[in-house]
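**Q** fold the stuff below for me.
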Amino acid sequence: MRYLHLCAHEQFPPEQLLPQAVAAEEAGFDGIGCSDHLQPWWEPGEAGHAWVWLGAAAQATERVSFGTAVTPPGPRYHPVLIAQAWATMELMYPGRPYLGVGSGEALNEVPLGADWPSPSEKVERMEEALEMIRALWDGQRLSGAGKHFATDRAYIHSRPENRRPPIYVSAFGPKAAKVAGRHGDGLWTLADPESVPELIDAYKGAAEDAGREPGEIVLQAAFSWAPDDDAALEGCRVWKGSQPKEFYRDEWHDPQAMYEEGEKQVSDEELKEDLIIAADPEVHAERIREVEEMGATVVALMNNSGADPLGAIDVYKGEVLPRLRGSA
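**A** Here you go, the predicted structure:
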């Protein structure tokens, strides 16, 4: 089992996230990652540029894998640009980068003046982008107009000869999970016990149909630690703005309106069910064990500890990760 520490660009300024990445490596996490957003889920919030920050985080650390959770091909990021960026990362930090790919949210695309497509069209767009990224990494020169992206002799001039960064494809439904099976090196989804079994089955079935071996199952959870339970809750309360499922599907792109809607829909108790919110390290360890039992090969843990993010990492170093690895 591998554990990733995810840094929340929506909640913390980028310069504060860098010490979190360093501390996560020192704590024994196997990898780091970060959200990739143009806007946060609430106002006021933060939204540092993920790719710029990843370069700094990779330089500040030594061994951990690193990548996005997750990057959406679309109006904000053309697939050629994604392919170029991750090829460069692989050349600079061999063996360490991974690429998380998703279909995107209106929150991060509509502010650029883009139309917001249906969920089905978003998934089709993501699959077209994945095919292009793979082709470019293989040294192909691309020209032509697809349904969603156009190229004219696009080529990645600086690219690794051997390893390609693994691609973990985000899915909330079976159609996207099948895309992950056809094109990804792993499935990335939220650790929801109601949806995970169907998504894993769809992912593995599509991989088998494509003659591919299934890869990683990355299940994402979020945690908030503080010296007492009330402070842990207050430290992550803003994340109610990310909880309603329609925010991932429909044309919601006003952070303040999203937070207000999240406050209406999500009670404190429901937030505690969705996130790991506690002062007791054993509660964190037990909830993560439940994620592992859903079928994870990698557990990605978003640090939403607004009260004391570095203190939370220190608790994971001394008490949570040792419990999970059987050394405490």
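**Q** do I have it right that Ile276 meets Asp229?
**A** No: if you go by Cβ atoms under 8 Å, Ile276 and Asp229 don't touch, sitting 11.6 Å apart. No exception for glycine: its C-beta is placed from N, CA and C like everyone else's.
**Q** neighbour-wise, which of those two wins?
**A** Between Ile276 and Asp229, counting by other Cβ atoms under 10 Å, Ile276 is the more crowded of the two (26 against 16).
**Q** so what's the closest residue in space to the more buried one that isn't next to it in sequence up against?
**A** Once flanking residues are discounted, Ile276 sits nearest to Phe223: 4.0 Å by Cβ to Cβ, 6 or more residues apart in numbering. Listed by Cβ atoms under 8 Å, 6 or more residues apart in numbering, the contact set of Phe223 reads Leu275, Ile276, Ile277, His284, Arg287, Leu301, Met302, Asn303, Asn304, Ser305, Ala312.
**Q** any idea how many residues pack against the spatially closest residue to the first one that is not a sequence neighbour?
**A** Of all residues not flanking Leu275 in the chain, Ala222 sits nearest, at 4.7 Å (Cβ to Cβ, 6+ apart). Applying the criterion other Cβ under 10 Å, we find 22 residues in the vicinity of Ala222.
**Q** looking at the sheet around Ala222, what are its partners?
**A** As for beta bridges, Ala222 partners with Met302 under DSSP bridges.
**Q** now, the contacts of Phe223 that are in strands?
**A** Ile276, Ile277, Leu301, Met302, Asn303 (DSSP state E).
**Q** out of the residues you listed, who's the most crowded?
**A** Using other Cβ under 10 Å as the neighbour test, these are led by Ile277, with 29 neighbours.
**Q** ok, that one to Arg141 distance?
**A** 50 Å (Cβ to Cβ, to the nearest Å).
**Q** same question, Pro19
**A** 42 Å.
**Q** repeat that for Gly211.
**A** 26 Å.
**Q** neighbour count for those two, which is higher?
**A** Arg141 (12 against 6).
**Q** who touches the more buried one in this structure?
**A** Contact analysis of Arg141 by Cβ under 8 Å, 6+ apart lists Arg153, Ala154, Tyr155.
**Q** the last one - how many residues pack around it?
**A** The one in question is Tyr155. Applying other Cβ under 10 Å, we find 15 residues neighbouring Tyr155.
**Q** got a list of what it touches?
**A** Tyr155 sits in contact with Leu136, Gln140, Arg141, Leu142, where contact means Cβ under 8 Å, 6+ apart.
**Q** again, only this time at 6 Å
**A** Arg141 (Cβ atoms under 6 Å, 6 or more residues apart in numbering).
**Q** regarding this structure, what is its longest helix?
**A** helix 119-137 (DSSP state H).
**Q** how about that helix as PDB, C-alpha atoms only?
**A** Provided in PDB are the C-alpha atoms of helix 119-137 (Å, rounded to 0.1, in the frame of the first residue of the first chain):
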ATOM      1  CA  PRO A 119     -20.900  14.900 -18.700                       C
ATOM      2  CA  SER A 120     -20.800  12.500 -21.600                       C
ATOM      3  CA  GLU A 121     -19.100  15.000 -23.900                       C
ATOM      4  CA  LYS A 122     -16.600  15.800 -21.200                       C
ATOM      5  CA  VAL A 123     -15.600  12.200 -20.900                       C
ATOM      6  CA  GLU A 124     -15.300  11.900 -24.700                       C
ATOM      7  CA  ARG A 125     -13.000  15.000 -24.700                       C
ATOM      8  CA  MET A 126     -10.900  13.400 -22.000                       C
ATOM      9  CA  GLU A 127     -10.500  10.200 -24.000                       C
ATOM     10  CA  GLU A 128      -9.500  12.100 -27.100                       C
ATOM     11  CA  ALA A 129      -6.900  14.000 -25.100                       C
ATOM     12  CA  LEU A 130      -5.400  10.800 -23.600                       C
ATOM     13  CA  GLU A 131      -5.000   9.300 -27.000                       C
ATOM     14  CA  MET A 132      -3.100  12.500 -28.100                       C
ATOM     15  CA  ILE A 133      -0.900  12.600 -25.100                       C
ATOM     16  CA  ARG A 134       0.100   9.000 -25.500                       C
ATOM     17  CA  ALA A 135       0.900   9.500 -29.200                       C
ATOM     18  CA  LEU A 136       3.000  12.600 -28.600                       C
ATOM     19  CA  TRP A 137       5.000  10.800 -25.900                       C
END
